[in-house]
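# this one's sequence-less:
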């Protein structure tokens, strides 16, 4: 009576061992499938990551191309200009001095006099391509005086619209810069009628 029990126990143990072995084989196959899937997903993520990095590099390069560079030169006065020519700034100044010497009574009564005719600091240039501007401030005579200060729009060629403080369009002698006149003083006619810079608008 004991042998059938032993045989029955052996069969049960064998069946249990076979079942465990089959279960182990199935689990290993599943693990291998999951591992292969993870490797495939990892490969896809690497591809997406590489594509994203390359795309970002292309965007940064495009943004760098859009950024406006600046070029400059120092002589004869500082000038700054964007690469596309849309913006420009020219800084300039001048100092004009008058000096007089008078000798009387054989040099026994010498008289000297010095004064500043002009001490100016200014800037002019271009903005957004179609706009031009100019600003000049004078510091002579122990006071601050705004000379030219205006903005021009040149987008309607051949018409130019200007707004600001400027010489009125009466006498060419006033329009000519003191750096380019032939004589030290302007013509008496231009001085006789109190022609001054005034605030307004003009179209040329």
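Everything's here; your move. Just so you know, these numbers come straight off a predicted model, no measurement behind them. Numbers count the residues shown, from 1 in each chain.

# can we go C-alpha only for contacts and neighbour counts from here?
OK.

# per-residue confidence averaged over the lengthiest strand in the chain?
The longest strand of the chain (DSSP state E) is strand 109-127. Taken as a whole, strand 109-127 carries a mean pLDDT of 86.

# How about residues contacting that strand?
The contact list for strand 109-127, computed with C-alpha atoms under 8 Å, 6 or more residues apart in numbering, reads 86-104, 132-141.

# Relative to that strand, what are the paired strands and their orientations?
Pairing partners of strand 109-127, with direction, according to DSSP bridges: strand 88-104 (antiparallel), strand 131-138 (antiparallel).

# Out of those strands, which one sits most buried?
For these, the largest average neighbour count (mean count of other C-alpha atoms under 10 Å) is found in strand 131-138, namely a mean of 19.

# Look up which helix or strand residue 42 falls in, please.
helix 2-66 (DSSP states H and E).

# Following element in sequence after that helix, please.
Tracing the chain past helix 2-66, the next element assigned as helix or strand by DSSP H and E is strand 70-73.

# Partner strands of that following strand and their direction?
Strand pairing for strand 70-73, using DSSP bridges, gives strand 79-82 (antiparallel).

# Tell me how far the strand it pairs with lies from the chain's centre.
For strand 79-82, the separation from the chain centroid amounts to 10 Å (computed by C-alpha atoms, centre = their mean, to the nearest Å).

# Next: stretch 35-42.
Centre to centre, stretch against its chain (C-alpha atoms, centre = their mean), the figure for stretch 35-42 is 49 Å.

# And for stretch 189-204?
With C-alpha atoms, centre = their mean as the basis, the distance from the averaged C-alpha position of stretch 189-204 to the chain average is 36 Å.

# quick one, domains of the chain?
Domain assignment of the chain by automatic domain parsing yields the ranges 1-67, 70-203.

# Right, I'll call it a day here.
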